[in-house]
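*Asks:* Any chance you can model this:
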Amino acid sequence: MGGAILELNLRSRLLMHFGNATKSVLPYMWLYRFFAFIIMPNRNHRESRILFIREAKKLYQKEFIRWFKLTSEVYRKNIFDENKIRNLFERADICINLIGILYEKKGSSFKNIHTLFPSLLAKLSKQNKLKHLIHLSALGVSEATESEYARSKLDGEKEILKNFPLSTILRPSVVYSVDDNFTTNFMTLLNRLPVFPLYYNGQTKFMPIHSSDLVDIIFNIVSKNIYSQIIECVGTETLTLKEIIQKLLNLIDKRRILLPVPLFFGKLSAKFFQLFPKPLLTEDQLKLLKYDNILSGKYKTNSDIGFPAKCLFEKEVEKYCYMWRQGGQFSKKNIS
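*Replies:* Residues are numbered from 1 along each chain as shown. Predicted structure coming up:
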């Protein structure tokens, strides 16, 4: 069972029904490419589609047909409709929960998404005697106790381990890729603002991990039956927020003033930004920035279990940063 609850438009629903009707006839790689275009139809989704299709090659056709049948139903499910979620568990042997939110909105609170829903999944995993539950949490949730986001993630972990000990909890640092909420948001702001504010002097440390590295970790945990209660997942580099911003500026060929700002200004700007439908910064996220997002030294890491990250931050972002560069994909920028 995957961790995505999708809301598809009419065209996508029709295509989904077509794929479901032909899943036993057409080669599964054709269907996988077809499905990739259903859920990632835009030109700027190309990198995500390539990753999606690459992982498909690791599936046997029999397993893919079983997965596609589940997927064709998952997009219609309300994650708080316990009866419908329960039906999905009756045909599953592994549950992978990737659902999470960065900010609260009507009907989606941190407690509901990060604590109560994982608790439900753990209970259903136990009732249906699943082999494994893999849950995506976040790095640093034990330290950032001031943040409601972090507290809800930590409470969710506790609920999972209490109700289904045969679980593996992954704590990734910030995850980046095309269409993420990290590099793309920053590049959008850097493209528009002449001055970029640095909270906490831009010294908060991160170990960004590319989505493809995280997918490889999950795939290997499942395929090699690795059981470990908590695994911290990080990329190849440790970067401060300021260093990340400087790399992004270089990639999109922009010059901006990076201005350290006092905390009270950060709080005021967060109050303003969180009024937007898709806030660029919230008061809770500002609290998270107070804490480094790096290895704690208390738990196993992805390297410890044999799957170190391979992607380099600047090299990967270079593949899609052209969308924020003057001239777009036809720009002549040489990355220094």
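*Asks:* And for P165, the neighbour number?
*Replies:* For P165, the count of nearby residues is 12 (other C-beta atoms under 10 Å). Where you see a C-beta, it was placed from the backbone N, CA and C, and this is true even at glycine.
*Asks:* Count the neighbours of D93 for me.
*Replies:* 13.
*Asks:* Mind pulling the model confidence for it?
*Replies:* Looking at D93, its pLDDT reads 91.
*Asks:* Please tell me how far it sits from I160.
*Replies:* 17 Å (C-beta to C-beta, to the nearest Å).
*Asks:* Now for the closest residue to K254 other than its chain neighbours: which residues touch it?
*Replies:* Distances taken as C-beta to C-beta, 6 or more residues apart in numbering place L190 nearest to K254, at 5.7 Å, with adjacent residues excluded. Counting by C-beta atoms under 8 Å, 6 or more residues apart in numbering, L190 touches F196, I245, L248, L249, I252, K254, R256, W324.
*Asks:* Then K247?
*Replies:* L239, F313, E314, V317 are the contacts of K247 under C-beta under 8 Å, 6+ apart.
*Asks:* Go again with 6 Å.
*Replies:* E314 (C-beta atoms under 6 Å, 6 or more residues apart in numbering).
*Asks:* for it, helix, strand, or coil?
*Replies:* Secondary structure of K247, reduced to three states by DSSP: H, G, I helix; E, B strand; the rest coil: helix.
*Asks:* now A138
*Replies:* Under three-state DSSP, A138 comes out as coil.
*Asks:* One more: I96?
*Replies:* strand.
*Asks:* Equivalent analysis for K319, please.
*Replies:* coil.
*Asks:* What pLDDT does the model give it?
*Replies:* 92.
*Asks:* next one: phi and psi at it?
*Replies:* phi -70, psi -20 (degrees, to the nearest 10).
*Asks:* Could you do S108 as well?
*Replies:* Note on S108: backbone dihedrals following degrees, to the nearest 10 are phi -130, psi 90.
*Asks:* Now do the contacts for it.
*Replies:* I101.
*Asks:* So for it, what's the pLDDT?
*Replies:* S108 is given a pLDDT of 88.
*Asks:* on that earlier part again, now rank the contacts of L190 by neighbours and give me the top one.
*Replies:* L248 (24 neighbours).
*Asks:* surely that residue meets M187?
*Replies:* Yes: counting by C-beta atoms under 6 Å, L248 does reach M187; the two are 5.5 Å apart.
*Asks:* Next, count neighbours for S228.
*Replies:* For S228, using other C-beta under 10 Å, the count is 14.
*Asks:* Tell me how many other residues surround the closest residue to C311 other than its chain neighbours.
*Replies:* Excluding the flanking residues, the one nearest C311 by C-beta to C-beta, 6+ apart is H210, at 3.7 Å. H210 has 23 neighbours, counted by other C-beta under 10 Å.
*Asks:* And the one 4 residues further on, by the same measure?
*Replies:* Counted with other C-beta under 10 Å, residues neighbouring L214 total 24.
*Asks:* again, but for G327
*Replies:* By the criterion of other C-beta under 10 Å, G327 has 10 neighbours.
*Asks:* which residues does S173 contact?
*Replies:* L139, F206, M207, P208, I209, V234, N293.
*Asks:* cool, L295 as well?
*Replies:* Contacts of L295 (C-beta under 6 Å, 6+ apart): E232, V234.
*Asks:* And the pLDDT at it?
*Replies:* pLDDT, read off for L295, is 97.
*Asks:* how about the strands of the stretch 101-250 of the chain, start to end?
*Replies:* Along the stretch 101-250 of the chain, counting by DSSP state E, counting those that start in this stretch, strands occupy 132-136, 167-172, 175-176, 195-198, 205-206, 209-210, 230-233, 239-240.
*Asks:* How about residues contacting the second one?
*Replies:* Same thing as strand 167-172. 133-139, 157, 160, 209, 214, 221, 228, 230-233.
*Asks:* and if we set it to 8 Å?
*Replies:* Taking C-beta under 8 Å, 6+ apart as the rule, strand 167-172 contacts 122, 125, 132-141, 157, 160-161, 209, 214, 217-218, 221, 226-234, 299.
*Asks:* again with stretch 136-148
*Replies:* Everything outside stretch 136-148 that qualifies as a contact, by C-beta under 8 Å, 6+ apart, is 3, 96-98, 100, 104, 110, 149-151, 153-154, 156-157, 169-173, 207, 232-234, 284-285, 287-288, 290-296, 298.
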